[in-house]
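Colleague: Provided below are the primary sequence and the corresponding predicted coordinates.
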Amino acid sequence: MLEVGPGPGGLTRALLARPLASLLACELDTRAIAALAELAEPRLTVLHQDALKLDAVAALEAPRQIVANLPYNVGTPLLIGWLRQAGAFERLTLMFQQEVAERICAAPDTEHYGRLAVLSQWLCRCTVMLHLPPGAFFPPPRVHSAVVGLVPHAEQPPPPLLAAMERLTAAAFGQRRKMLRGSLKALGGADALLESCAIAPERRAETLSIAEFDRLARALLEREP
């Protein structure tokens, strides 16, 4: 299991109370490193490293889980990196700023539905597990937090399809107020692509279901060399 901070001392103790084979704690803050050094536990390995530069799949033996109280300024890029390797993980339990958690689990045609929701739900079953007010932390942050559970789907897309989905969602939500015939124009042949998937070109990205995005990504991949 991989644990990512900040300030993971209490979380580390809680995780070590469980029957884990091993726990890898990744922490950048030297103060947290000092606190972790006080734990004499053979199952615990501590990395003084930036989690953005860590290959969690290479660092952990299967079955792998990630439990993380994510730094809010890098939570989204960390999640995107792990999603690209989702099939290698058994589960991810991650705490985000509440707004980000809502974006991950949002339904189509709602305020928070966007690229992050499509990528996350296409690859995983996503659930908000817990809401936390600022008073749950010391010192209290200025925002509410939420814990999201992500369980990767048994069937994961091959890398070329994942790359096609990333390009598709970047284009579709890059200009989200535009109709799809306009927002997908940069991909080339937008009208033909939409017609092949029986999706009206006048629709906007936030109205499409995960299944519709899946059809579009597969059609986009099929037409490429």
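Modeller: Received the coordinates, thanks. Residues are numbered from 1 along each chain as shown.

Colleague: For the spatially most central residue of the chain, which non-adjacent residue is spatially closest?
Modeller: Within the chain, the residue whose C-alpha comes closest to the C-alpha centroid is L79; the distance, by C-alpha atoms, centre = their mean, is 3.2 Å. Once flanking residues are discounted, L79 sits nearest to L94: 6.7 Å by C-beta to C-beta, 6 or more residues apart in numbering. Every C-beta, even on glycine, is put in place using the N, C-alpha and C of the backbone.

Colleague: Look up phi and psi at that neighbour.
Modeller: Listed backbone geometry of L94 is phi -130, psi 140, with angles given as degrees, to the nearest 10.

Colleague: Identify the bridge partners of it.
Modeller: L94 forms beta bridges with A68, V148, as assigned by DSSP bridges.

Colleague: In contact with the residue nearest to the centre of the chain, which residues?
Modeller: Under the criterion of C-beta atoms under 8 Å, 6 or more residues apart in numbering, the neighbours of L79 are L70, L92, L94, F96, I104, L116, S120.

Colleague: same thing with Q49?
Modeller: C26, E27, L28.

Colleague: Give me the number of neighbouring residues for the last one.
Modeller: A count of nearby residues for L28, using other C-beta atoms under 10 Å, gives 18.

Colleague: For it, give its distance to L216.
Modeller: L28 sits 38 Å away from L216, going by C-beta to C-beta, to the nearest Å.

Colleague: what does the first one give?
Modeller: As for C26, its distance to L216 is 36 Å (criterion: C-beta to C-beta).

Colleague: on that earlier part again, nearest to K178, of the contacts of L79?
Modeller: Of all the contacts of L79, L116 has the smallest distance to K178: 18.9 Å, by C-beta to C-beta.

Colleague: sorry, back to before: out of the contacts of L79, list just those in strands.
Modeller: Using DSSP state E to define strands, the subset of the contacts of L79 located there is L92, L94, F96.

Colleague: Dump the residues you listed into CSV; add neighbour count and distance to L187 as well.
Modeller: What follows is the ones in strands among the contacts of L79, written out as CSV (neighbours: other C-beta atoms under 10 Å; distance: C-beta to C-beta, whole Å):
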residue, neighbour count, distance to L187
L92, 25, 30
L94, 23, 31
F96, 24, 30
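
Colleague: Quick check: nearest residue in space to E41, chain neighbours excluded?
Modeller: Nearest one to E41, counting by C-beta to C-beta, 6+ apart, is L16 at 5.5 Å.
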